[in-house]
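K.L.:
pasting the sequence and the predicted coordinates here, then a few questions.
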Amino acid sequence: MTTMTFKDTSYISCKLNSKEQHFKLVVFCSCEQVLSAAATTLTSYTDKGRKPDNGRFLSFDHLTFWVSNAKQAASYYITRFGFEPLAYRGLETGSRKIASHAVRLNKIVFVFEAQYEPEDSDLVKEVGYHGDFVKDVAFEVENLDYIVEYAKKQGAVVVRDLWEESDKFGVVRMATLKTYGDNTHTLVDRSKYKGSFLPGYITLNKDPISNFLPKVEINFVDHVVGNQPDQGMEVAASWYERCLQFHSVHGVFCATFYRHGKLGGERTKCRSMSPRLDKKKSQIQEYVEYHGGAGVQHIAINTEDIITAIENLRARGVEFLSIPSEYYRIIRERLKESKVRVAESIDVLERLNILIDYDDDGYLLQIFTKNTQDRPTLFIEVIQRRNHNGFGAGNFKTLFESIELEQEKRGNL
Ligand SMILES: O=C(O)C(=O)Cc1ccc(O)cc1
Ligand SMILES: [Fe+2]
């Protein structure tokens, strides 16, 4: 991808903004931390850029986690994050090898899979190696056959070629492709299916705990970010361009290679003033060491009302990164000089540790949970957008410093 040199660690993210019907693959690169970023958009009929010949990515369908205990992992997302049980398959339904628990929060579907038997398999190997991790990011697509055929011609590795599953609610057709690390993308055509999740699953009742806990209104998966180890990003980025026909656009944030000049500059300065900083282990390096290679770093989920969502998630015991009060002092000053009007009270955002990023036309509010498992790998972002399509570039410095405080507690800095 052109002139950019990618040093050190980097990461890739796929972003969907369902309202605007576009899907973004965002490629970031971190030299010390993140020095530069590139954004790539797919199937955006409003944006500039080459349109895929055919086939369309509609939305994130579901994310599958491979874990050692699916029953308990599903329960964690139910009790803490407010997901509801959606569907199950396991011994009782004739699934002899794998227990699979699907949970849903509005359009967000997470599936937790674990193996029953003490025998060697990819799942056992990979869960042993990575710990609980996101194995597959599934997309709902239009014209599945074309997309798979195209990816194959471009050399994509097919993990499972086109197959279909059916029950009394209809037919779902799928195919699974290999991407970075041990990860896969399943492409799903559910246009002829009326069931609640997938054939072979039974549906589940509400969890009674939801009667006692405040409701969480978070609606859809906004973007998914994958960390790449050294030199991994170029390969990963070009895979998405070549095999899935994701392409670059030139927009406000989506300049083909957008450089975070300010952050880069500050980082560079820091480095020359303080050689100690050179020895710091970046959060991405920490991820790559603990996960063991490339993998999903965060899943951002989108809400229309982040204040209520975070108040309720905090009441349910979800832990978030702390943001220093200095950040809010500065943002109050800067917002005075900006055209944008943030409707939410900055005092409330400060109390909840929610971050703000903006330009002249709009803003976003975002917050990051602490890691959702023992390993310092995956975490969840909650995001609210008001006419802003970025990812919070203005918050990178603050965010990295907050993550570093946690890294320090872990003895990993
Ligand atoms: O870019 C994003 O999607 C963000 O949410 C901000 C961010 C940037 C780099 C990280 O390592 C973690 C989060
Ligand atoms: Fe994000």
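P.N.:
It's in. Ligands and ions are numbered 1, 2, ... in the order given.
K.L.:
give me the neighbour count for residue 281.
P.N.:
When neighbours are defined as other C-beta atoms under 10 Å, residue 281 has 12 of them. For glycine as for every other residue, the C-beta is placed from the backbone atoms N, C-alpha and C.
K.L.:
over to residue 73?
P.N.:
Residue 73, neighbours per other C-beta under 10 Å, totals 22.
K.L.:
just to be sure, residue 87 is in a helix?
P.N.:
No. Going by DSSP: H, G, I helix; E, B strand; the rest coil, the assignment for residue 87 is strand, not a helix.
K.L.:
closest point of this structure to ligand 1, which residue?
P.N.:
residue 391 (3.6 Å; C-beta to the nearest ligand atom).
K.L.:
in a strand, that's where that residue is, yeah?
P.N.:
No. Counting by three-state DSSP, residue 391 is not part of a strand but coil.
K.L.:
let's see the pLDDT reported for it.
P.N.:
pLDDT, residue 391: 89.
K.L.:
cool, and residue 279?
P.N.:
On the pLDDT scale, residue 279 is placed at 58.
K.L.:
would you list the phi and psi of residue 396?
P.N.:
With angles defined as degrees, to the nearest 10, residue 396 sits at phi -60, psi -40.
K.L.:
kindly report the same for residue 408.
P.N.:
Note on residue 408: its backbone torsions stand at phi -60, psi -40 [degrees, to the nearest 10].
K.L.:
and it, how many residues sit next to it?
P.N.:
11.
K.L.:
kindly report the same for residue 207.
P.N.:
Neighbours of residue 207 (other C-beta under 10 Å): 17.
K.L.:
contacts only, for it.
P.N.:
78, 79, 84, 85 (C-beta atoms under 8 Å, 6 or more residues apart in numbering).
K.L.:
look up phi and psi at it.
P.N.:
phi -80, psi 130.
K.L.:
distance of it from residue 126?
P.N.:
28 Å (C-beta to C-beta, to the nearest Å).
K.L.:
ok, residue 92 next?
P.N.:
Going from residue 92 to residue 126 by C-beta to C-beta gives 25 Å.
K.L.:
now swap in residue 110 and tell me
P.N.:
In terms of C-beta to C-beta, residue 110 sits 17 Å off from residue 126.
K.L.:
and these two? which has more neighbours close in?
P.N.:
With neighbours defined as other C-beta under 10 Å, residue 110 and residue 126 compare such that residue 110 has more, 23 against 17.
K.L.:
quick one: that one and residue 62 touch, right?
P.N.:
Yes. Look at residue 110 against residue 62 with C-beta atoms under 8 Å: they come within range, at 6.9 Å.
K.L.:
can you check which residues contact both of those two?
P.N.:
Both residue 110 and residue 62 are contacted by residue 102, under the criterion C-beta under 8 Å, 6+ apart.
K.L.:
pLDDT weak spots in the chain?
P.N.:
Along the chain, segments meeting pLDDT under 70 span 1-53, 247-279.
K.L.:
now with 80?
P.N.:
Within the chain, the segments meeting pLDDT under 80 span 1-53, 230-231, 233-234, 246-280.
K.L.:
and it, what are its domains?
P.N.:
Listed by the TED database, the domain ranges of the chain are 56-211, 215-410.
K.L.:
correct me, but residue 367 touches residue 382?
P.N.:
Yes. Residue 367 lies in contact with residue 382 (C-beta under 8 Å); the separation is 5.3 Å.
K.L.:
what is in contact with these two at once?
P.N.:
Residues touching both residue 367 and residue 382 (C-beta under 8 Å, 6+ apart) are 306, 310.
K.L.:
count the residues that sit near residue 136.
P.N.:
Neighbours around residue 136, by other C-beta under 10 Å: 22.
K.L.:
I'd like the distance between it and residue 78.
P.N.:
20 Å.
K.L.:
so how far is stretch 312-328 off the chain centroid?
P.N.:
Centre-to-centre, stretch 312-328 and its host chain are 19 Å apart (C-alpha atoms, centre = their mean, to the nearest Å).
K.L.:
tell me the secondary structure of the residue nearest to residue 89 when sequence neighbours are not counted, please.
P.N.:
Spatial nearest neighbour of residue 89, excluding adjacent residues (C-beta to C-beta, 6 or more residues apart in numbering): residue 95 at 4.4 Å. Put simply, residue 95 is coil when judged by three-state DSSP.
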